[in-house]
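> Quick one: sequence plus predicted model below, questions after.
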Amino acid sequence: MSWPYDYIIIGAGSAGCALANRLGEDHALRILILEAGPPDSSFLLKMPSGFAALGDKSPYNWRYATTPQKHCNDRRMYWPRGKTVGGSSSINAMLYVRGHASDYDHWRQLGNEGWSYDDVLPFFKKAENNERGADDFHGTGGPLNVADQAAPLKINEAFLAAGQQAGHKRLTDFNGAQQEGVGYYQVTQKNRERWSTASAYLRPAIERNKNNVHLLTGALVQRIILDGNRAMGVRYIQNGREEVARCSRDIILSGGAVNSPQLLMVSGIGPADHLRSLGLRVWHDLPGVGSNLQDHLDAGLVQFCKTDDTYDKANKLLSLWRYNRNKTGPGASPIAESGGFISTRPGLSAPDVQLHFLPAMVVDHGRTRLKRSGYTLHVCTLRPESRGTIRLQSAKPEDHPMIDANYLAERRDLKTLIDGVKMGREILAQAGMDPYRADEYEPGAAVKTDAEIEQWIRARSETIYHPAGSCKMGPDSDPMAVVDNQCRVHGLEGLRVVDASVMPTLVGGNTNAPTIMIAERVAGFMQGKAA
């Protein structure tokens, strides 16, 4: 058993790395960060498009699968999540998107003091080093480098012209005064390399003071050790040996929307009946653990291209050589290069659909290889009303939990997605795409009516990798809240959850930047600092 650390952070992902850095600013503190995955040492994790080549057998991916999804033809859906230093920020598409201002005002309306848009904007800015410079919405000097893309393909301009022809405004910044419109995404890259939270936050924290922040990889936490109602340590396995680390201040779960509720439950913290059904001792009955799960469900329109002006025909070895030599070519791309936010009906306070345009044919998360050139327009419903659960399959921490996203349980989610698909098709049918457009591969010309689109969505939709909400933030009066507005677990001392799982409602956009902001915000609470 080690002598006590001040803080133990479980999970060196997007939130965990940011927390380690900020808490480590006090050099008197000893901070342990435990990561189940290996170090992020692969060249493919540095090359921006490298995530596309990692594949099914990657050691950097938890490779989760859902339970059969009742409203999606009983399909088990693939859920990749980062299992390395940097977490999902080491394997994502690097898009820097915050969501809509109203998302955070809604969190505040739900009783979470300190989380309105005005409250969180300073922490987005604090995290950020935007290469465009600082303004009312953006910061410079922060750890997270945000850059314009190096050289997006020319076909993006055709898509953006088509978007304008379909009546959508051209934007230069999805994180500014207005979100609705089409444009290029900014990316978390630096010098044309992926800039994960491992690069941005954790390595600088370790280098700043060698005795301050300690990282252990390949360390799978077995459970949180409680003494009465106080968390005082963790039991973990590394290199086949069981170890215990003790903590004098806080243990912080930053495992993400799947791992954090799983670890709480195997530690005896969660819905009592479920824990007892698996023979687990109930240390703290907390019904909301693993509930309120939300995710963005995505439908991909795929069309063949008349030309070879996409990434489909790119030679992998040549691309690697070019990137290795001077960081140019397909290797520098996030693949999802442009896109937008659109409203499926008038009168909405915020766009309800997001578009990602990829100059490549991407089917089944890229696991199915197609031999022709084409492009993909991903369409996702931004504020799903459906709620799912994370539940234990067994009491063993190494067994994957049961993930039931419960996609399309609410009819509104399906209606929004059908309308979004129709609007996506409308964009791709505009004159701007004429030089490139060939036949539609997915869903195909035969799929026309709403009923036919519905059947295609149920058969082919997938996650776009934004699970959240499974350890809901909320006041004591909310029986399903797991943590309070400072991310302290209700009813326990010395235990916090800080990651995307605390989102009360899913933000309208990609979740990496908001997760980093959550860590910055909670670090501010813990340090007693204002913005």
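Everything's here; your move. Numbering: from 1, shown residues only.
> Which secondary structure element of the protein has the lowest mean pLDDT?
helix 51-54 (a mean of 76; mean pLDDT, DSSP states H and E).
> For this protein, which residues score under the pLDDT cut-off?
Along the chain, segments meeting pLDDT under 70 span 1-3, 55, 530-531.
> Output the longest strand belonging to it.
strand 241-253 (DSSP state E).
> Following element in sequence after that one, please.
Next in sequence after strand 241-253, counting helices and strands by DSSP states H and E, comes helix 256-266.
> Contacts for the least confident helix or strand of the chain, please.
With contact meaning CB atoms under 8 Å, 6 or more residues apart in numbering, helix 51-54 is reached by 42, 44, 45, 60, 61, 91, 92, 93, 316, 335, 366. To be clear about C-beta, it is placed using only N, CA and C from the backbone, and glycine gets the same treatment.
> and which of those is nearest residue 160?
residue 335 (16.6 Å; CB to CB).
> So that closest one, which state does it fall into?
coil (DSSP: H, G, I helix; E, B strand; the rest coil).
> do the same with residue 32
strand.
> State the number of residues packed around it.
If you count neighbours by other CB atoms under 10 Å, residue 32 ends up with 24.
> next one: the one 3 residues further on
A total of 30 residues lie near residue 35 under the criterion other CB under 10 Å.
> On the three-state scheme, the residue lying closest to residue 6 once chain neighbours are set aside is what?
Once flanking residues are discounted, residue 6 sits nearest to residue 29: 4.4 Å by CB to CB, 6 or more residues apart in numbering. The three-state label given to residue 29 by three-state DSSP is coil.
> and residue 29, how far is that from residue 529?
Distance, residue 29 to residue 529, by CB to CB, to the nearest Å: 15 Å.
> go on, residue 212?
From residue 212 to residue 529 the distance is 18 Å (CB to CB).
> what do you get for residue 315?
50 Å.
> How about residue 431?
For residue 431 relative to residue 529 (CB to CB), the value is 53 Å.
> Over to residue 112?
In terms of CB to CB, residue 112 sits 18 Å off from residue 529.
> Would you mind listing which of the contacts of helix 51-54 are buried?
The neighbour-count test (16 or more other CB atoms under 10 Å) marks 42, 44, 45, 60, 61, 91, 92, 93, 335, 366 as buried among these.
> mind listing the strands in the stretch 1-150 of the chain by residue range?
Secondary structure of the stretch 1-150 of the chain by DSSP state E, counting those that start in this stretch: the strands cover 5-10, 31-34, 64-65, 78-79, 128-130, 144-146.
> helices or strands next to the longest one in the packing?
Counting by 3 or more CB pairs under 8 Å, 6 or more residues apart in numbering; DSSP states H and E, the packing neighbours recorded for strand 5-10 are helix 14-23, strand 31-34, strand 230-238, strand 241-253.
> still on that earlier bit, which of residue 112 and residue 529 has more residues huddled nearby?
residue 112 (25 against 11).
> I am assuming the more buried one contacts residue 483, so please confirm or correct that.
No: contact criterion CB atoms under 8 Å: residue 112 and residue 483 do not qualify, at 9.7 Å.
> Spit out the residues that contact these two alike.
The overlap between the contact sets of residue 112 and residue 483 (CB under 8 Å, 6+ apart) consists of 473, 474.
> Residue 214 belongs to a strand, doesn't it?
Yes: counting by three-state DSSP, residue 214 falls inside a strand.
> follow-up on the earlier one: CA atoms only: put the least confident helix or strand of the chain into CSV for me.
Extracted in CSV, the C-alpha atoms of helix 51-54 (Å, rounded to 0.1, in the frame of the first residue of the first chain):
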residue,chain,number,x,y,z
PHE,A,51,-7.2,7.0,-36.2
ALA,A,52,-8.9,5.7,-39.4
ALA,A,53,-6.1,3.0,-39.7
LEU,A,54,-6.2,1.8,-36.1
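> Quick check: buried residues in it?
Those would be 51, 52, 54, for helix 51-54 by 16+ other CB under 10 Å.
> Closest one to residue 523 out of the residues you listed, please.
Out of these, the member with the shortest distance to residue 523 (by CB to CB) is residue 51, at 27.3 Å.
> and the gap between the closest one and residue 371?
According to CB to CB, residue 51 stands 22 Å off from residue 371.
> What residues sit buried inside stretch 400-415?
Applying 16+ other CB under 10 Å to stretch 400-415 flags 400-410, 413-415 as buried.
> actually stretch 172-188, not the one I wrote
173-175, 179-188.
> Dump the residues you listed to JSON lines, plus distance to residue 83 and secondary structure.
Putting the buried residues of stretch 172-188 into JSON lines (distance: CB to CB, whole Å; DSSP: H, G, I helix; E, B strand; the rest coil) gives the following:
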{"residue": "173", "distance to residue 83": "32", "secondary structure": "coil"}
{"residue": "174", "distance to residue 83": "29", "secondary structure": "coil"}
{"residue": "175", "distance to residue 83": "28", "secondary structure": "coil"}
{"residue": "179", "distance to residue 83": "31", "secondary structure": "coil"}
{"residue": "180", "distance to residue 83": "35", "secondary structure": "coil"}
{"residue": "181", "distance to residue 83": "35", "secondary structure": "strand"}
{"residue": "182", "distance to residue 83": "34", "secondary structure": "strand"}
{"residue": "183", "distance to residue 83": "32", "secondary structure": "strand"}
{"residue": "184", "distance to residue 83": "30", "secondary structure": "strand"}
{"residue": "185", "distance to residue 83": "25", "secondary structure": "coil"}
{"residue": "186", "distance to residue 83": "26", "secondary structure": "coil"}
{"residue": "187", "distance to residue 83": "22", "secondary structure": "strand"}
{"residue": "188", "distance to residue 83": "19", "secondary structure": "coil"}
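> Between which two of the residues you listed is the distance greatest?
Most distant of those, by CB to CB, are 180 and 188, 22.8 Å apart.
> how close does residue 310 get to residue 336?
Taken as CB to CB, the span from residue 310 to residue 336 is 13 Å.
> tell me the contacts of residue 396?
Going by CB under 8 Å, 6+ apart, residue 396 touches residue 266.
> Then residue 423?
Residue 423 neighbours (CB under 8 Å, 6+ apart): 166, 342, 344, 353, 379.
> Pull out the CA atoms of the helix or strand hosting the last one and give them to me as CSV.
When you say that, I think you mean residue 379. If you go by DSSP H and E, residue 379 is part of strand 374-381. Provided in CSV are the C-alpha atoms of strand 374-381 (Å, rounded to 0.1, in the frame of the first residue of the first chain):
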residue,chain,number,x,y,z
GLY,A,374,-17.2,8.9,-53.0
TYR,A,375,-18.1,11.2,-50.1
THR,A,376,-20.2,10.9,-47.0
LEU,A,377,-22.6,13.3,-45.3
HIS,A,378,-23.2,12.3,-41.7
VAL,A,379,-26.5,13.5,-40.2
CYS,A,380,-27.2,13.3,-36.5
THR,A,381,-30.0,14.4,-34.1
